[in-house]
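> Predicted model, plus sequence, below.
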Amino acid sequence: MCKALSIFEKNRIMKRIITFLIICFFTQFSFSQILRINELDCDTPGIDDQEFVEIKSQTPNFPLDGYVVVFFNGSDSGGNMSYLALDLDGHETDINGLLLIGSTTVSPFPQYVIPANLIQNGADAVAIYQADEIDFEEPVLAYVDDTLIDVLLYQTNDSDGAGLVTIFSEFNPSIQIINEGAGNNTNSIQLDNGNNDMGYLIQTPTPRRLNDGSGFVLNGILMTLTQTMYNEGETFDIVFTSEQNVTSDLNFTIGFNNGTFDTSDYTGNTSITIPDGSNTASTTITLIDDTLDEGDEEMVIRLSGLTSMFSALNNNLRIRAVDNDFSVAPFGTPINPTYGVVASTQPDGYYDSLDGLSDTALRQGIQDIIAEEGVVRAQTYADIIEILKEADQNPENSNQVWLVYKEIGRAKLDFQLTSSSVGKWNREHTYPRSRGGFNSISLDDIADGREVYWNTTADSLRHGNSDAHALRAVDGPENSTRNNQHYGQYNGPLGTLGGFKGDVARSVLYMELRYNGLQVVNGFPEGTVGELGDLATLLDWHRNDPPDDYEMNRNNIVYTWQYNRNPLIDYPDLVEYIWGTNVGDPWEQPLGVNEVDKLSIKLYPNPASNKIYISGINASASVDVFSVEGRQLSTQQIEGNTSLDLNLASGFYVIRISSEGKSVTKKLVVK
C-alpha cells in the first residue's frame, strides 16, 4: 500500500518542484538573452577615471541599433531615477561579441567613448533596453516591461538600493545587488562566462576580453610619444608597438584634426605599416611654424583602420601645439599694473541717475542700473568658461588666462575637465556659492553664447552663480584651499604680491549691490547664508589696490555679455559713499578726464559700418584702435578733420585719439 503524504510533505515536494522550474527557467533565460551586461567597473582607484561597462552579444559582430544602456541612481536621494542613457545605434560588438564603453583613459581603448568619471558608484543599476535615448531625455523611474533585455544591480559597500531590488524583481525574482567592494577598489563585476553566464564574479578587470579567458586574444597596439606638448616648428616621433609580432604586414592610419588644428598645421606620414614578423613602426611629424596668431591648439591623435584581430591599447591622444604668435596687451597684469590705457566703455549717461543720491537711495539707484530687468542679462555657468578666457586673458600672453590668487598665467586649454585639478584652472566664486545660496541647474551646463540669456532682476539670486563680475579664473588646487573661507581668514597664497586684493574686494561688494539677499559684514559669520566677511578687510584691500587697466578691461568685456558693469571699478570712490567715510553724502559723478587734458573731438557715426568721421582736430593726430580686451589693432597718423576706413568685424572697439599733448578715448560700436 502507498502511504498517504502529509500536508507538510506535499508542501515540501511542491517547493522543490517550483525551485527546479525557476532554475530551469533562468538557465534557459540566460542562454536566450540577445545581450548581457558582461562586465562593470564602477569604481577605480585614484581619480576614478577608468570606469567602464561591457556589453556581450550571443553572436559576434552583432549590430546594436535599437538598443540603449541606461544607468539608474538607486541611492535614497537618487530615487531610482535614470541619470545616464547611452544610445548604441551605429555600434556593434567585436569578434568576441563584446562592446566596451568607457573613457579615453581605459585600456584597451573603448569602442564607445564616454567622459571620464561619469558612471556612479552605487547603489545603482545598469540596464539594457530595446529603446531609444530620447525615451530617457528626462530622468525616468526604473521600470520593467518587454523592452528590458538585461539589468545588473551593483554597489560599493552601500547600504541603500532596496528600491531597485523591488522594481527589478519583476524581471528576475531572485535578483540581488552585486557588491564590487569598498571605494577605490581594484575589482570589477563580471558575468561568469565559464558557467554559461550564470552568476557574477568579483575579480581583476578584463576589458575587451571574455571573463573566462576564452575567445580570440586581440593583439593590442600601443602609441607612445616622449612629450605631450610641442612648440610650432618642432619635430616629434610617434612609435607604434604591438603586443605580439604581426604575422603579415599590418597597415593602419592616424589622423590629427581637432577643431582649428588641421592638415595645414603639420607634415608627416600618416599611413603606418608594422612589417611582417615585427612588432614596431614609427612616423615623424613636424609642426608648421606659421605667422598666424591662432592660439595654442590641441591635436588629437586617432588610430584607425585596424582589422578585427587587433585593438588599440590607447587612442585619441591629446598633444598640445603651442603657438609662438601670441599677442601682448598694451596694459599690465595686476602685479605689474598700468593705469589710464584702457578707458571705460560705459554708455553715455549710464550713471547720470545717481547724481545727488545718498545712502540707501544711492544703493537703490546703483541696483536699478546694474540689475535693470529687460536690460541686464544672465548667462549660464558654462558660458563663464568662455567669458573668463576673454575677461581674464593674461596681458602678457593672449593664449593664457591670468589666475587670481596665484598671480600667474596658465594656458587657456588647461581648463579642468576631470576630477583632477592639478595644473588646471577652473572657476572661482569670489562670493562663495555656499555662503551666497546660489547653485547650478541643469541648463547651466549648456554654453549657448552671448545672445542666448536669461531675464534677471535684483531678486534673481540664483543668477549669482554665473555672474561674471564675481567669477575669476583660478588655479584648481588653490580654489580648493580657499574653499568658502571669509576674506581675512583667507589672504591668498604665501609669497604672492596681493595684486588680486582690490579686484576681489570690488567683486564681492558689487554682489551686495547687485542682488537682494547678500551682505558683506564685519567679522567671520558662520552658518548664515547670505553673509560674507570681512568688510573691514575688503575695504582696506580696495583702498590699497585701486582699479587698474586689467580690471577696467575686464569690466568692459563682461559688459558685452551681461549688459551691466561693476560701478566700483568705473568709480571706485562709490565704495566710500556706500560703506566708508562718505556715507550720507550726496554723490556727484566726477569727470573721467580732466578738462585741461581733454580734446573736443567728435567721432561719427557710432555705431558705424565701414567708415567713421573725425572732427575737432586742429593739428596732426594719432589714432589708435584697440579691441575690447585691450589689444592694439592699428595706429594711423591724420591731419585735421578726416575720415577713416575701418575694415573691422562687428563688435566693440576703443579708439584713442592723441594730439598736441592731449588725448581722448572713445568707445566705438561696429555693426
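Yep, that arrived.

> make it CA atoms for all contacts and neighbour counts henceforth
Noted.

> Check what pLDDT the residue sitting nearest the centre point of the chain gets.
What sits nearest the mean C-alpha location of the chain, by C-alpha atoms, centre = their mean, is residue 417, with 5.3 Å. Looking at residue 417, its pLDDT is 83.

> same check, this time on residue 19
Value listed for residue 19 in the pLDDT field: 37.

> Likewise for the one 4 residues further on?
pLDDT, the model's per-residue confidence, is 37 for residue 23.

> what's the least confident helix or strand in this structure, going by average pLDDT?
When the helices and strands of the chain are scored by mean pLDDT, DSSP states H and E, helix 7-32 comes last with a mean of 42.

> can you confirm the residue nearest to the centre of the chain is in a strand?
No. Under DSSP: H, G, I helix; E, B strand; the rest coil, residue 417 falls outside any strand and is assigned coil.

> on that earlier part again, elements contacting whichever helix or strand comes after the least confident helix or strand of the chain?
Once the chain leaves helix 7-32, the next helix or strand it forms, by DSSP states H and E, is strand 35-41. Identification of packing neighbours for strand 35-41 by 3 or more C-alpha pairs under 8 Å, 6 or more residues apart in numbering; DSSP states H and E yields strand 52-57, strand 124-129, strand 148-155, strand 188-191.

> quick check: angle from strand 35-41 to strand 148-155?
20 degrees (axes from the mean of the first three to the mean of the last three C-alpha atoms, to 10 degrees).

> what comes into contact with strand 35-41?
Outside strand 35-41, the residues that touch it by C-alpha atoms under 8 Å, 6 or more residues apart in numbering are 51-58, 127-128, 149-152, 180, 187-191, 205, 207.

> Roughly how far does the residue nearest to the centre of the chain sit from residue 423?
Per C-alpha to C-alpha, to the nearest Å, residue 417 is found 12 Å from residue 423.

> Find residues that contact each of the two.
Common neighbours of residue 417 and residue 423 (C-alpha under 8 Å, 6+ apart) do not exist.

> Need the winner for burial among the helices and strands packed on strand 35-41.
strand 188-191 (a mean of 26; mean count of other C-alpha atoms under 10 Å).

> Given that strand, what are its sheet partners and their directions?
Strand 188-191 pairs in its sheet with strand 35-41 (antiparallel), strand 200-203 (antiparallel), by DSSP bridges.

> Can you list the buried residues in the shortest one?
What it means is strand 200-203. For strand 200-203, the neighbour count (16 or more other C-alpha atoms under 10 Å) marks 200, 201, 202 as buried.

> could I get those as CSV with distance to residue 573 and pLDDT?
As requested, those are exported to CSV (distance: C-alpha to C-alpha, whole Å; pLDDT from 0 to 100):
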residue, distance to residue 573, pLDDT
200, 70, 96
201, 70, 96
202, 67, 96
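
> what about the protein, any weak spots by pLDDT?
1-32, 591-600, 628-630 (pLDDT under 70).

> which SS class is residue 385?
Under three-state DSSP, residue 385 comes out as helix.

> how about the nearest residue to it, chain neighbours excluded?
Ranked by C-alpha to C-alpha, 6 or more residues apart in numbering and with sequence neighbours excluded, the top spatial neighbour of residue 385 is residue 427, at 7.5 Å.

> my read is residue 72 is in a strand, agree?
Yes. Counting by three-state DSSP, residue 72 is located in a strand.

> Count the neighbours of it for me.
The number of residues packed near residue 72 is 26, by other C-alpha atoms under 10 Å.

> what's across from it in the sheet?
residue 82, residue 125.

> circling back: which one of the buried residues of strand 200-203 is nearest to residue 355?
Sorting the buried residues of strand 200-203 by distance to residue 355 puts residue 202 at the head of the list, at 73.2 Å, by C-alpha to C-alpha.

> So that closest one is in contact with residue 190, correct?
Yes. Using C-alpha atoms under 8 Å, residue 202 is in contact with residue 190, at 6.2 Å.

> Next, the contact list for the closest residue to residue 290 other than its chain neighbours, please.
For residue 290, ignoring the flanking residues on the chain, the nearest one in space by C-alpha to C-alpha, 6+ apart is residue 232 at 7.7 Å. Applying C-alpha under 8 Å, 6+ apart to residue 232 gives the contacts 287, 288, 289, 290, 321, 322, 323, 324.

> which residue sits closest to residue 304, ignoring its sequence neighbours?
Per C-alpha to C-alpha, 6+ apart, closest to residue 304 is residue 253, 5.5 Å.

> who touches whichever strand or helix holds that neighbour?
Here residue 253 sits within strand 250-255, counting by DSSP H and E. For strand 250-255, contacts defined as C-alpha under 8 Å, 6+ apart pick out 270-276, 300-306.

> So what's the residue count around residue 330?
16.

> Residue 259 now?
Number of residues near residue 259 (other C-alpha under 10 Å) recorded here: 10.

> mind checking the end-to-end distance for stretch 61-78?
35 Å.

> Now do the strands in the stretch 101-250 of the chain.
112-113, 124-129, 148-155, 177-179, 188-191, 200-203, 219-224, 229-231, 235-242, 250-255 (DSSP state E, counting those that start in this stretch).
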